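Colleague: just coords:
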C-alpha cells in the first residue's frame, strides 16, 4: 500500500462524520445504511455503534461480512471486511459519545448498546486523484 495515500485515507476516515455501511440480510442481499463512525485505528479498523436488537446487528449475527464506504466530494474509500459485535464495557466506554443518550437512555452501560468493530480485509482507495487497492 502506498504510504502517503494510506495516510491521507486515514485522515479522511478520522474526519468522517458519516459512512455508508453495508451488511448482508437474511435473504442474502446487501443492505446499505448510513452510520456515524465513532473511532478508528487507521484504515484497518473502524468502530460504530448500534442497538443489539437492530436489524443490522441481527444481520451481522448471521453473516459478519460487511463493507464501509467513506467519501468526500473528490475521494472514495471502500473497505471490505468482517464485523465483530462487542458488548464488553471497555469497548462501549471507549466509543461512547454524549449525544448517544437518546437511543441509549441508560448511558454507556445500557444493555442494548453495542459497538460494531469493523476489521478491513481488503480496500479500494481513490484519494487525491490516485487509485490503490489491496489486502
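Modeller: Received, thanks. Since we're looking at a predicted model, the values are computed, not measured.
Colleague: Grab the nearest non-local neighbour of residue 12.
Modeller: In space, and not counting its chain neighbours, residue 12 is closest to residue 75: 5.7 Å by CB to CB, 6 or more residues apart in numbering. Heads up, the C-betas are built off the backbone N, CA and C, glycines and all.
Colleague: Need the phi and psi values for the one you found.
Modeller: Recorded main-chain torsions at residue 75 are phi -120, psi 150, according to degrees, to the nearest 10.
Colleague: Burial check on it, number of neighbours?
Modeller: Applying other CB atoms under 10 Å, we find 17 residues neighbouring residue 75.
Colleague: Begin at 693, not 1, for the rest of this chat.
Modeller: Will do, 693 is the new start, and the previous item becomes residue 767.
Colleague: Quick check: pLDDT value at it.
Modeller: We have a pLDDT of 96 for residue 767.
Colleague: how near is it to residue 780?
Modeller: Residue 767 sits 33 Å away from residue 780, going by CB to CB, to the nearest Å.
Colleague: got it, and residue 822?
Modeller: Counting by CB to CB, the gap from residue 822 to residue 780 is 38 Å.
Colleague: Quick one: the helices in this protein, in order.
Modeller: 695-707, 747-754, 781-787 (DSSP state H).
Colleague: okay if I get the ones you listed as CSV plus mean pLDDT?
Modeller: Output for those, formatted as CSV (pLDDT from 0 to 100):
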stretch, mean pLDDT
helix 695-707, 89
helix 747-754, 96
helix 781-787, 95
